[in-house]
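[1] One predicted model, sequence on top.
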Amino acid sequence: MLTDDFYANLIPLENLLDITEPQKFVDVPESWYVVITDITNSTQAIASGRYREVNLLGASSIVAILNAANRLELPFIFGGDGATIFIPASLLSAAKEALFAIQQLARSRFNLNIRIGVVPIRAILAAGYEVKIAKLKVSEHYYQAMVTGGGLTYASEFIKDYSIPDIYQLKRHKKIPKADFSGLECRWKDIPASHDEVVSLHVLAIAHHSDRVNQIYREVLEKILNVYGTKEDFNPVNLKNLNLSFKARKLAAEVKLRSPSRKAFSQQSYLWKIQFENLLGSLLMQFKAVMGGVNWGIYKRDLISATDCQKFDDMLRMILSGNAQQSATLMAYLDQRYRDGELVYGLHISDHVLMTCIVFERNGRQVHFVDGADGGFALASQALKERMLRKALNWKTFLKMIRAR
């Protein structure tokens, strides 16, 4: 269908500041759906040190749907403990089967619950919200979806209401559902900050007029770029701090998700497989070999260029590596804007990041999701909600504000 290719045909943005210009966004087709997933017990899992599992499951819905879509380019956003994926109607049945398989695996292998909502864009528009999208060029092989209009926030809150109609929730199958997780990897050691620390940041503008909202985001971005420099400066991943892991404990999340069964021998065999692949990859990168059509001497450089550390989905979310003076400067600025009633924010500081990867082609399609290794995005979200409460603001009142703009 013609609308299936709408995202692939979008002209990409070249500059992050372009997200503050509403004319750069287009409407998601009415016939599409938005899939929203989140792990409902992620807070407890993160507190017990299971952030690798949380991040891997958060990315699992993205890779499963992308595999079901074959080569169709789809917009998606990784959220740490969940994800957002936009799909055309032609992919709905296959996506639901993959999502139900993920729910079952999360329960049976991880004892975690994934809440999944599939909301028609038409339903969001009928509720009075917009869903507008752009794509930002991150690297030659990766484009980051950027979403505005309030509709995504509405859909996210909508699926948390257990009284919603069954049409928006997954229904059990009699047959055993299947999902393809090919390309989903979590094989790198926890990555020390490129500088002294890593900041996981959420910023939500709360002005009453759209023009002012865009101006606030632009001013915040300009301040961040002034304090931290370019993406190359604040990217938490660099050549020196990237090392593959061989420890079973570090590789356990991928083993649990992708091994053919829960049987001990199956899981041990899969562990040996990825340990061997890591050994081979380390040697190929060390000796700058060219093999299988891949120039392994520049593989880490290509990986770094495709890291996902800046996104916008009705709010600004970033991962920034810098020093304590830089974060103190940023916090003082955000505190002042918070006291002025223009924004709320959440911020969490750690000393390293975790990277979860989707690699379809070693020399092509790939994206590398980064998050504060102790659950940075989830903890930043929690801090943002606490600041919202101090302003007597919740998501329902925020949504009313959006509709009134």
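    That came in fine, so what should we check first? Because the structure is a prediction, the values reported are computed rather than measured.

[2] Distance of Arg212 relative to Glu53?
    According to CB to CB, to the nearest Å, Arg212 and Glu53 sit 40 Å apart. Yep, even glycine has a C-beta here, placed from its N, CA and C like the rest.

[3] ok, now how distant is Trp395 from Thr153?
    On the measure of CB to CB, Trp395 and Thr153 end up 7 Å apart.

[4] between the two, who's got more neighbours?
    More neighbours surround Thr153 than the other of Trp395 and Thr153, with 21 against 15 (other CB atoms under 10 Å).

[5] Report pLDDT for the residue nearest to Tyr217 when sequence neighbours are not counted.
    The shortest distance from Tyr217 to any non-neighbouring residue, by CB to CB, 6 or more residues apart in numbering, is to Thr20 (5.0 Å). Looking at Thr20, its pLDDT stands at 97.

[6] count of neighbours near Thr20?
    21.

[7] Next one: it from Asn214, what distance?
    Per CB to CB, Thr20 is found 5 Å from Asn214.

[8] Equivalent analysis for Thr37, please.
    For Thr37, the distance to Asn214 equals 28 Å [CB to CB].

[9] Of those two, give the one with the bigger neighbour count.
    Thr37 (27 against 17).

[10] So the more buried one lies in a strand, does it not?
    Yes: counting by DSSP: H, G, I helix; E, B strand; the rest coil, Thr37 is found in a strand.

[11] so who does it touch?
    By CB atoms under 8 Å, 6 or more residues apart in numbering, the residues touching Thr37 are 58, 61, 82-84, 99, 102, 114-117.

[12] among those residues, which are in helices?
    The helices, defined by DSSP state H, take in 58, 61, 99, 102 from these.

[13] Hmm, the last one is touching Ala64, no?
    Yes: in terms of CB atoms under 8 Å, Ile102 counts as a neighbour of Ala64; the distance is 6.0 Å.

[14] With neighbour numbers in mind, choose between the two.
    Ala64 (26 against 23).

[15] How far away from the center of its chain is the helix or strand that contains that one?
    Element membership for Ala64, per DSSP states H and E: helix 51-68. A distance of 9 Å separates the C-alpha centroid of helix 51-68 from that of its chain, computed with CA atoms, centre = their mean, to the nearest Å.

[16] do the same with stretch 40-51
    How far stretch 40-51 lies from its chain's middle: 17 Å, per CA atoms, centre = their mean.

[17] Run through who's touching that stretch.
    Residues from elsewhere that reach stretch 40-51, judged by CB under 8 Å, 6+ apart: 39, 53-54, 81-82, 112-115, 354, 371, 373-375, 378-379, 382.

[18] Now the element after the strand or helix carrying Cys357, going C-ward?
    Using DSSP H and E, the element containing Cys357 is strand 352-359. Per DSSP H and E, the first helix or strand lying C-terminal to strand 352-359 is strand 366-372.

[19] Counting by contacts, list what that next one packs against.
    Helices and strands touching strand 366-372, by 3 or more CB pairs under 8 Å, 6 or more residues apart in numbering; DSSP states H and E, are helix 51-68, strand 197-205, helix 299-305, strand 307-308, strand 316-322, strand 343-350, strand 352-359, helix 376-390.

[20] Run the angle between it and strand 316-322 for me.
    80 degrees (axes from the mean of the first three to the mean of the last three CA atoms, to 10 degrees).

[21] Any regions of the stretch 101-250 of the chain where pLDDT drops low?
    In the predicted model, the stretch 101-250 of the chain carries pLDDT under 70 at residues 162-175.

[22] same thing but at 90, please
    Filtered on pLDDT under 90, the stretch 101-250 of the chain yields the residue ranges 140-141, 158-178, 193-194.

[23] what ranges do the strands span in it?
    Assigned by DSSP state E, counting those that start in this stretch, the stretch 101-250 of the chain shows strands spanning 114-120, 132-139, 142-148, 184-185, 191-192, 197-205.

[24] burial measure for Lys132, as a count.
    Residues near Lys132, counting by other CB under 10 Å: 17.

[25] swap in Leu239?
    For Leu239, the neighbour count with other CB under 10 Å is 10.

[26] Look up the closest residue to it, ignoring the ones flanking it.
    That would be Lys300: by CB to CB, 6+ apart, it lies 5.5 Å from Leu239.

[27] hang on, Gly149 packs against Lys132?
    Yes: using CB under 8 Å, Gly149 is in contact with Lys132, at 4.3 Å.
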